[in-house]
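A.B. asks: 3D, please:
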Amino acid sequence: MTTEKTSFVYVTYILSTPQKVFEAVTRPDVARRYWGHENVSDWSPGSKWEHVRANDERTVELVGKVIEISPPSRLVISWANASQAADPASHSRVTFEIEEYESMVRLTVIHDELEAGSGMANGISKGWPIVLSSLKSFLETGRALDIFAKPKAA
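C.D. replies: Numbering: from 1, shown residues only. As a prediction, the model looks like this:
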């Protein structure tokens, strides 16, 4: 039986340049400032990447491989929880499309090949909007959002 797949797409417009947006995703020292994690890789096709918590524990939370890279307009990576790295069926795919759009950038993040109803699918549908909002705030104002914030109790 084939597992049903789903995808998540998020589009935002950022007052920045394609190069700065691309670097914000791929440079660990920049990603840690708005994401609370570092994306660590040599960014060559086929190379591994790790999503490392930017704290004292330096926990590797997500892993994958660089599938395609075309700076500063496109990056495609596989994506899995570190605990499921050995199971190819648990891997999903993330595509970053970065387009110049007059005086700004249109960033489209497509997270697909997700198992429908899985914890990963549910988590990324909440995670991507705050991470990408923080990226936008950081590049436009120099101030990131608290991506670990929780909703206030009613």
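
A.B. asks: Surely Ser134 is within a helix?
C.D. replies: Yes - under DSSP: H, G, I helix; E, B strand; the rest coil, Ser134 falls within a helix.

A.B. asks: burial count for it?
C.D. replies: 19 (other CB atoms under 10 Å). For glycine as for every other residue, the C-beta is placed from the backbone atoms N, C-alpha and C.

A.B. asks: same check, this time on Ala116
C.D. replies: Ala116 has 10 neighbours, counted by other CB under 10 Å.

A.B. asks: what's the answer for Thr141, then?
C.D. replies: Residues lying near Thr141 (other CB under 10 Å) number 9.

A.B. asks: Check it and give its pLDDT.
C.D. replies: Note on Thr141: pLDDT of 98.

A.B. asks: Tell me where the protein is predicted with low confidence.
C.D. replies: 1-2 (pLDDT under 70).

A.B. asks: Would you map the helices across it?
C.D. replies: Secondary structure of the chain (DSSP state H): helices at 18-26, 28-35, 119-141.
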